Structures are given as structure tokens and as C-alpha cells.
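Peer 1: Output the structure for:
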Amino acid sequence: MKYRHSFHAGNFADVHKHVTLLALIAALQRKDKGFLYLETHAGRGLYDLHGADTHQGAEARLGIGALEAARCDSPQVRAYLDALARARGNANAPGAYAGSPVLAALSLRTQDRGVCCEIQAAECRALERALNIYPRMRAECIDGYRALNAQLPPPERRALVLIDPPYEEQADDLQRAGEAIGTALTRLANAVVALWYPIKDDRDLAPWLARMAAQLKAPALIAELWLHPRDARVGLNGSGLLIANPPYQLDAELAQWLPQLGAALGATRQGGTQVKWIAHEQH
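Peer 2: A predicted model of the protein is given here:
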């Protein structure tokens, strides 16, 4: 696998994904009972935005850079920026960008725990170093899809699963990721499962979303943010999250803060945001 997340670290899609992830964790923590956080494609956890691997933060300037320069008073966005600042302080790395493993690790309570999977050996070793100071989170150097069967159902009987594959072959990765949602829900019917997907061409994406809507046996919504027309040929036009079993009132919360985040990132020019249910619980 040739993909490395480093170049894209901190871009607008990362920002969208990570603000939403922390909002999901906060929603789950409204209940005292602990939960398992399971991430299937974790990456290295911490990225140097001043380094060559990120091209000196080339993509981050239009993501986290734009957000830090904007005025966005949403509590969810503030929580994300605060978590990022804490991650930088903990790592003594003011030029770092924290990936989802570190941001989630910062948020876990004593009754929560996390497992982050990364199959690439070098990336996993970096992930282990990034998570070393967070006792509630551990890294595993394994195929994250296989971990679904190994880790679910957890003793806590509650879980948040983040699936974020590299999409080197988009059609194949979408297929596998959709199957992984089914696996997770078969193992734990009440699991909250968040799948990140790229918005590159609606003509390919819309049929997949329709298939997912027909296949899912749990309520599910999508939360999308795009900066370019959805069928533009620029590469990554937007960022989407399919969330199965979303926590109570998450849809209303997303509808409030997602447009604010989109505006801060420049979505009002040629882009937009949407929150839409694609599947409802079947009785």
C-alpha cells in the first residue's frame, strides 16, 4: 500500500472528520457507562506540518490554517481547537497536527478505552510513540477490518467505530468499508459506526450511498462538507461521513454547527454542507 496520510494532514477533510469525531465522543459521554473506541485505519497519529512529508503543511493551510484564522464560535469547533492545542502541548510540538487517534485519546474518560489499528509497520511504530502518553488508548499493528471481529462485541457493550480507509482504489475501498459497517453492526447492533468517504464525483458516489441505504439495518445519516462542485474534476471536492446509529439529537446538532464550519473553511463560495438521513430503523 503506497498511501500516506502525511501529505493531506490537517486539510479541510481532516478538519471536518475530526470535529465530527469529537462531537460523537462527547455525545456518547453523556452516559456514564464506558465504551470502546475502535479505529480501523489509524495512521501515525501525529504529523509535522513543518516537515517534508506534509510538504510544509501545503494542504493544511486550506484546512486547519483557514479555520484557525476564521471566527467560528461553535462549541464543537472550539472543543476541537482546544483538543488540538492540548495535543501540541503534550507532544511539545507547536507545528504538529493531531490525527484522530490522538484527538480521541485526549477525550477518553477512565471508564473508556481505545484501540487504534494500523497495518503499515512504520506508521504503526510512529502511532505507538504518539499514543505512549495516553494510557486509555493503545495501538495494534494489524488489519483494522480483521480487528472488528476480534474487538466486537466489547465487554462494555458500547462502541464507537471509525472506519477511514485510504481509498487508493475508491470503488473497492467503498465496497469493503460498506461491508465493514455490516460486520460491526452484526457483532454489536448498537455500535455507533462512522465511515469517512471522499466526495470526488457524485455519479459514482450516489449509487453507493443508495446501496448502503438499502443494505443498512440501522438508522444512518450522512454529514457532508464540500468546497468545490460535487462533480468537478479537481480531485477531492468534499468530505463525507456516514454515521450508523447516530447518538440522540446528533442530526440537530450537526445542522447547527456544520454550516458554520463550512463557512469558515470556504464552502460558501462553490461548496456547501448537508445533513441527511439515508436509513431509518426498521420495525
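
Peer 1: what mean pLDDT would you report for stretch 41-58?
Peer 2: Mean per-residue pLDDT for stretch 41-58: 79.

Peer 1: Helices along this structure, start to end?
Peer 2: With DSSP state H as the criterion, the chain has helices at 12-28, 64-69, 75-91, 100-107, 121-131, 144-151, 170-187, 202-215, 250-265, 267-270.

Peer 1: Looking at those helices, which is nearest to residue 280?
Peer 2: Distance to residue 280, taken as CB to CB, is lowest for helix 202-215 among the helices of the chain, at 9.5 Å. In short, each C-beta sits where N, CA and C put it, glycine included.

Peer 1: Buried deepest among the helices of the chain, which one?
Peer 2: With neighbours taken as mean count of other CB atoms under 10 Å, those reach their highest mean count in helix 100-107, at a mean of 25.

Peer 1: So what angle separates the directions of it and helix 12-28?
Peer 2: Between helix 100-107 and helix 12-28, the angle comes out at 30 degrees (axes from the mean of the first three to the mean of the last three CA atoms, to 10 degrees).

Peer 1: Does anything pack onto helix 100-107? Which helices or strands?
Peer 2: Using 3 or more CB pairs under 8 Å, 6 or more residues apart in numbering; DSSP states H and E, the elements in contact with helix 100-107 are helix 12-28, strand 36-39, helix 75-91, strand 113-117, helix 121-131, strand 137-140.

Peer 1: try 6 Å this time
Peer 2: When contacts are defined as 3 or more CB pairs under 6 Å, 6 or more residues apart in numbering; DSSP states H and E, helix 100-107 sits against helix 12-28, helix 75-91.

Peer 1: Which stretch among those helices approaches residue 256 most closely?
Peer 2: Nearest of the helices and strands packed on helix 100-107 (CB to CB): helix 75-91, 8.7 Å.

Peer 1: quick one on the thing from earlier: may I see the helices of the chain arranged in TSV, with mean pLDDT as well?
Peer 2: Output for the helices of the chain, formatted as TSV (pLDDT from 0 to 100):
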stretch	mean pLDDT
helix 12-28	98
helix 64-69	94
helix 75-91	97
helix 100-107	98
helix 121-131	96
helix 144-151	96
helix 170-187	93
helix 202-215	92
helix 250-265	97
helix 267-270	90
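
Peer 1: So which of these is nearest residue 232?
Peer 2: Here helix 267-270 is closest among those (CB to CB), at 8.0 Å.

Peer 1: who does the closest one touch, helix- and strand-wise?
Peer 2: Using 3+ CB pairs under 6 Å, 6+ apart: helix 267-270 touches no other helix or strand.

Peer 1: Pull out the CA atoms of it and give them to me as PDB.
Peer 2: In PDB, the C-alpha atoms belonging to helix 267-270 read as follows (Å, rounded to 0.1, in the frame of the first residue of the first chain):
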ATOM      1  CA  ALA A 267     -17.600  26.200   1.400                       C
ATOM      2  CA  THR A 268     -19.900  29.200   0.800                       C
ATOM      3  CA  ARG A 269     -18.100  30.000  -2.500                       C
ATOM      4  CA  GLN A 270     -18.700  26.900  -4.600                       C
END
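
Peer 1: how far is it from where the chain is centred?
Peer 2: Relative to the centre of its chain, helix 267-270 is centred 22 Å away, using CA atoms, centre = their mean, to the nearest Å.

Peer 1: repeat for stretch 95-108
Peer 2: 11 Å.

Peer 1: switch to numbering from 406
Peer 2: Taking 406 as the first residue, the last one we looked at is stretch 500-513.

Peer 1: distance between the ends of that stretch?
Peer 2: Stretch 500-513 has its terminal residues 24 Å apart, counting by CA to CA, to the nearest Å.

Peer 1: for stretch 492-500, same thing?
Peer 2: 11 Å.

Peer 1: Please apply the same query to stretch 643-660.
Peer 2: Per CA to CA, stretch 643-660 runs 17 Å from first to last residue.

Peer 1: Not counting its own residues, what contacts it?
Peer 2: Stretch 643-660 is contacted from outside by 418, 421, 425, 432, 586, 597-602, 604, 623, 625-631, 680, using CB atoms under 6 Å, 6 or more residues apart in numbering.

Peer 1: Over to stretch 603-618?
Peer 2: 572, 579, 583, 631, 635, 636, 641, 642, 643, 645, 683, 684.
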